[in-house]
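In: I would like the atomic coordinates for the input below:
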Amino acid sequence: MAGHVPAIGEPEADGQTRLSTEVATLARRITATAGSAAVGVAVAVDARPAAARLAAYLPRVVAVDAPAAADRPWAAVAAPLAAEPRSRQG
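Out: Reported below is the predicted structural model:
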């Protein structure tokens, strides 16, 4: 298995949901066995608390501050970002 396995965190006011941390743990275990890497992704108006919580479970976390998530579901904001060609992402 090559590449990265993303573990997408579902944000709450104080960080991630418990399910998000369980998914992060599972992704870390799967990738350790497969020889690839798990990457946490946190998308929120202020992604720092969520990213910090995921970082306790994963070696790499990408935090995306998305002001549009204030009045839209975080997944609706994250989906177009994930669909962008890699060469266009910062």
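
In: go through whatever helix or strand residue 77 lives in and flag the buried ones.
Out: Using DSSP states H and E, residue 77 sits in helix 74-83. Going by neighbour count (16 or more other CB atoms under 10 Å), the buried part of helix 74-83 is 74, 77-78. For the C-beta atoms, the positions are set from N, CA and C on the backbone; glycine is no exception.

In: now do stretch 24-39
Out: Buried-residue list, stretch 24-39, by 16+ other CB under 10 Å: 24, 27-28, 31, 37-39.

In: name the next helix or strand downstream of the helix or strand where residue 38 lies, please.
Out: Using DSSP H and E, residue 38 sits within strand 37-44. Using DSSP H and E, the helix or strand that follows strand 37-44 towards the C-terminus is helix 48-55.

In: just how off-centre is that next one within its chain?
Out: Computed by CA atoms, centre = their mean, to the nearest Å, the chain-centroid distance of helix 48-55 equals 9 Å.

In: list the helices and strands it packs on?
Out: Packing partners of helix 48-55 (3 or more CB pairs under 8 Å, 6 or more residues apart in numbering; DSSP states H and E): strand 11-12, strand 15-16, helix 18-34, strand 37-44, strand 60-65.

In: quick one: low-confidence ranges for this protein?
Out: Residue ranges of the chain with pLDDT under 70: 1-2, 14-16, 84-90.

In: who does the residue positioned nearest the centre of it bridge with?
Out: Nearest residue to the geometric centre of the chain (CA atoms, centre = their mean): residue 41, 1.4 Å. Counting by DSSP bridges, residue 41 is bridged to residue 8, residue 62.

In: so it makes contact with residue 60?
Out: No. Taking contacts as CB atoms under 8 Å, residue 41 lies outside contact range of residue 60: 9.8 Å.
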